[in-house]
Structures are given as C-alpha cells and as structure tokens.
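>>> any chance you can model this:
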Amino acid sequence: MRVRRSPFFGFGMGTGVLLAFALGSVPAFADTLLVVPFENTDRAAELEWVGESFAEALTVRLGGAGHSLVPREERLAGLERLGLPPAAALTRASWLRLAEEVGADWLVLGDFRVEDATLTLRGELVDVRQLALVRLAEEQGPFDRLLLLQGRLAWQILRRLDPTFPVSLDAFLQRFPNLPVSAFESYVRGLLATGREAKLQYFRQASHLAPGYGAPAFRLGELYFDEQDYPSAAQWFEKVPAESSVALDATFFLALCRFYVRDYARALETLAPLGERLPVSQVWNNLGVFASYAERPGAADDYFARALEADPGDADIHFNLGLHHLRRAEWEPAARALADCLGLVPGDTEALFLQARALEELGRPQDASQVRQQAVGDNPALTVSLERRQLELDRLQQRFSARLAGQQETPAAASVRLEHVAVHVERGQDLLARGELESARREFSEALLLDPDSQAAHFFLAETYRRQGRLAEAISELKASLWSQETLPARLRLAEIYLSQNRMEEAREQVEAALALDPANTEARALEARLGAAGPAPARGRPQ
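Numbering: from 1, shown residues only. Just a heads-up that it's a prediction; the model follows:
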C-alpha cells in the first residue's frame, strides 16, 4: 500500500475551537498570516514555553475569521530552509525573511514578561508587502489568564485587519474553551519536546488535565499513527471531541486506522460524512479505495468519479480506479484508467506493470510483454515484488488538513453541500414536530457537520436539547446560533431558559437584546414583565 505524502499536514492544533468558527471555508482572497513565538524579555528559562504558546493560541484564534494561517509545521520547515534555528529568539528582520519564505501577507510577533504572577504582553502586526508596522494595545492580567489575554490580543488583530469585524470582544472570547493553563502548558511543552517519550508524556498529561481537550489527543493519535500502531492511534483519535478544531482531521485519520486493521466497512462509514462536509479529491480518493475493499463497487465508482471531477490531473486517482477494476476482473475499464494514469506520469512502474496485466487478460500478449518490459526490465526481484503486491498497491492520501482542504471547495460543491444541509434541517424539523427527539438531534447534527455556520441547525438543535432537558447544551447551541446570525427567536429562547434557571441577570440581558431587535415584540415584553420583580437592569451595552 503506497502512502501519499502531501502538503495537507495537520493544522491548527490549538485549544479546540468550536467547529462552527474554526472550520469555515477560507475565501480565495483571504490574507495569509504568520504568527511566530513571542519573545521572553525576562529570558526566564522556565517560561520559554510561553513564547511558543502565543504562536499556537493566536494561530487557532485567528483561523476562523476568513484568514489563512501558516501552520506550525510549515513555519518550522521555512526556518530550516533559511538555515535559521527553530528555538532561538530571532530579530524582526529574520522573521520577515521567514514571512516572505512561506508567502505570508502579515506577520504577527511580540514579547511578554511576567512579574509577580502578572503577565504583560505586547503585540505587533507587520504588513509584509508594505513593510508597515502596527503596534497593538498592551494586554495585562494574571498569568493564569494566559489564554484569555491571548484571546484579547487575537481580537485586536482581527479588528485591525478588518475594522468592520462584527463580533464583540466578549462574544469572541466565548468561542474558545476555558482550559486550565496547566493543560495548555503541557500541550505546548509536548510540541517543543524533541524525543518521542517526552512528547507522549506531555500530551498524555495535557489530556489528563483537560479530558475534553482535542489537540493533545490528536497529537497522540498522530504519534502512534506514524509508528503504524493503528489500534492505539484510533483510541486517541476517537477521544477528539466533535467541537474541536481538529475534529475533522481526527475523523480522516481514524478512518485510515480502521482501514489498516482491515475493518473496511467501518473505515468507509467513518469517512463518508467527511466527504459530504469537505468534498475534495483527497477525501473522495480514499473513499473510493475504502469502498473497493468493502466490496461496494458502485460506491467506489461514484467516489472515484467525484475525485476525478475535482482533480482530473491527479494520476494517483486514475491509478486507484484502474486497480479497483483489476480487482473485479474488469479488464477494459482497468486498462483505460491505467492508460490515463500513464498519460500523466509515463514512467510509473507500478501503473505499467498493472497495465501489462490488463492487456494480457484482454488477449493482447505482445502489447503486455512490451509494457511489462518497460516496467521491470530484467529485474526479477522487482517482478516478484510487484506480482506479490499487485492488487494492494492503492495510493491513499495520508496527510490531511480540514482547514486547508476547505479552501479547495468549488462553488458548485458548496452549493450541493448546502442543499444537503437544507434537507437535514427540514427532516429534523419534521421529526421534532413529531416528538422524535433523538432522530431530530441526529439530523441537525448532520447538518452542522456539513455547515458548521448553519444558524437554523444550531437553533433547532438547541430546541431539541431543551426538550430533552439538556439545558447546558441548549444554551451552547443558542449562542452558536447567535454567532452565526442575530435572530429574535434565539434571544427569546435563551431568555426563557435563563429565567427557568433563575439566572435573572442573564435573562434580562437577552430580553434587552430582543427588544433592541423588535421594541414592540409581545413575547419580549411579557418576559420583561416577568423579570420586573428582580429590580432594574444595570446599564450595559448590547449583549452578544
């Protein structure tokens, strides 16, 4: 089985952003940002991890607002190409060289210091093309609020890049989980560790300190995956929560783990939803291989057709399609697919060898002999090797990033995906009306897998949770609905839930927001009257 190494490396391994905001497709015109480690002005060795933590946390927090972020792996590769050390504090000029090397439009850098458990940080935003520097407002607070302060800095950057950025600071900060700093520290130390055992120790510690933290679980899965310990890798990929910023990446690798332990049907079942969420050739290619092994030939044909529609110039997809037909003794379509592969890569030894097999089965021995000679010449060892493995030469995509793959989605594919979203939402509403709550929940969840920004799916999933008595989850989904789109029904439903929990202040905030949208709304006025006994509301801006 050949493994395909591609530029789709894991991306955004930070603090586990809500799926609705971390995985949206990045517009083709989006600027690319490079965030580098912040300088430790105190030079305290025990705080070196904090500098790297800025690159990690800011990359994740900036990645869901329509910008492309340079992943850590690409940053390190760029430093290596330039001959610069990965761990040293570099000058601004060196960081600019790196930004140019990786094709970044903006460079984010800065410094920090810690005095008496108080963290002070300063950030800078550099326009790489214009060589213009913007100094950001200083942030300061208790060290144990590190992630909060980094979130505030990220919001500053987004507002500088786009003064019309529509999300308030408080709403932006709520998008990110409240992790213990100790868990984040362990994770970052794991990133910086150079030895396998140290990485395992730090990532396990981070996962133990914050069991819902997806990033260390994903990294552990990667470590075991690279060692081909697929059962152990699968156990960690399964621990990545659905709301994590790396959830889709974990799904991709989990499917591969199941394939490599020969659980072909589960591999196909695991990956298929990702094909709808991210209809790109890398996913369709693997689905085609999985379906072929699962003896689902019609599905395999369909997946390979989709992969070739997305990327007709990918020789490996043609190769896999040819191999799929060979396994089914479909010699004519196998020969055509392998000919297409060889038209793109004429010297492909494995494709030539398989093409010879197809030609031989088609009753063309002379052509088959000529092609086989091209493939193996007078090398008997190679001949034996290819004979032994000929039906297991599939070329799987084995490096993947959901965020980068999302940038490849065509308008036509996006349109089809959104049609599927509408179908799931409509089905869910019908089920909800009939009181079939668990079935409705599955439909709305499927819709959100396809479109994490679907306001309707978030709202109706919240209503499903409310009816199930799962109020904390209902509140979370209503907030996500409001982040996707400001609506009166979501504000009113949040107010009702808060009121039922005797959370008067929060209920009042939602009623005020509802009345700001529609001052004459009778339901909002009724809720306002019910809250009257709690006393007047303090003055405040509009809640988010």
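
>>> off-centre distance for the helix or strand residue 438 falls within?
If you go by DSSP states H and E, residue 438 is part of helix 437-450. Mean C-alpha position of helix 437-450 versus that of the full chain (CA atoms, centre = their mean, to the nearest Å) differs by 19 Å.

>>> after that helix, next one along is what?
helix 455-468.

>>> gap between that following helix and the chain center?
Using CA atoms, centre = their mean, the offset of helix 455-468 from its chain centre is 23 Å.

>>> and that helix, what other elements does it pack with?
Packing partners of helix 455-468 (3 or more CB pairs under 8 Å, 6 or more residues apart in numbering; DSSP states H and E): helix 411-433, helix 437-450, helix 471-484, helix 488-500. Glycine gets a C-beta too; all of them are placed from N, C-alpha and C.

>>> and that helix with helix 488-500, angle?
30 degrees (axes from the mean of the first three to the mean of the last three CA atoms, to 10 degrees).

>>> next, the angle helix 437-450 makes with helix 455-468.
Going by the same axes, to 10 degrees, helix 455-468 makes 150 degrees with helix 437-450.

>>> so for helix 455-468, mean pLDDT?
Across helix 455-468, the average pLDDT comes to 91.

>>> and that helix, which residues are buried?
Using 16 or more other CB atoms under 10 Å as the test for burial, helix 455-468 gives 455, 456, 457, 458, 459, 460, 461, 462, 463, 464, 465, 466.

>>> tell me where the model's unsure across the stretch 401-544 of the chain.
For the stretch 401-544 of the chain, the stretches flagged by pLDDT under 70 are 401-417, 449-450, 452, 483-484, 533-544.

>>> do that again at 80, thanks
The stretch 401-544 of the chain contains residues with pLDDT under 80 at 401-420, 445-453, 480, 483-486, 533-544.

>>> what segments of the stretch 301-450 of the chain are strands?
Listed in chain order, the strands of the stretch 301-450 of the chain (DSSP state E, counting those that start in this stretch) span 395-397.

>>> who touches stretch 259-268?
By CB atoms under 8 Å, 6 or more residues apart in numbering, the residues outside stretch 259-268 that reach it are 1, 228, 230-231, 234, 255-256, 258, 286-287, 289-291, 293-294, 296, 299, 396.

>>> equivalent analysis for stretch 348-367, please.
2, 315, 319, 322-323, 326, 329, 331-332, 334-335, 338-339, 341-342, 345, 368-369, 371-372, 374-376, 382, 386, 390, 393.

>>> these, buried ones only, as a PyMOL selection?
Only the buried entries of these go into this PyMOL selection, using 16+ other CB under 10 Å:
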select buried, resi 315+319+322+323+326+331+334+335+338+341+342+368+371+372+374+375+376+386+393
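
>>> what mean pLDDT does stretch 318-337 get?
95.

>>> also stretch 286-305?
For stretch 286-305, the per-residue pLDDT averages 95.

>>> kindly check the end-to-end length of that stretch for me.
With CA to CA, to the nearest Å as the measure, stretch 286-305 spans 12 Å from end to end.

>>> pretty sure residue 258 sits in a helix.
Yes. According to DSSP: H, G, I helix; E, B strand; the rest coil, residue 258 belongs to a helix.

>>> does it touch residue 234 like I think?
Yes. Counting by CB atoms under 8 Å, residue 234 is a contact partner of residue 258 at 6.7 Å.

>>> ok so, going back, as a markdown table, the helices and strands packed on helix 455-468 with distance to residue 187 and mean neighbour count would be great.
Formatted as a markdown table, those follow (distance: least, CB to CB, whole Å; neighbours: other CB atoms under 10 Å):
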| stretch | distance to residue 187 | mean neighbour count |
| --- | --- | --- |
| helix 411-433 | 32 | 16 |
| helix 437-450 | 26 | 20 |
| helix 471-484 | 23 | 21 |
| helix 488-500 | 32 | 21 |
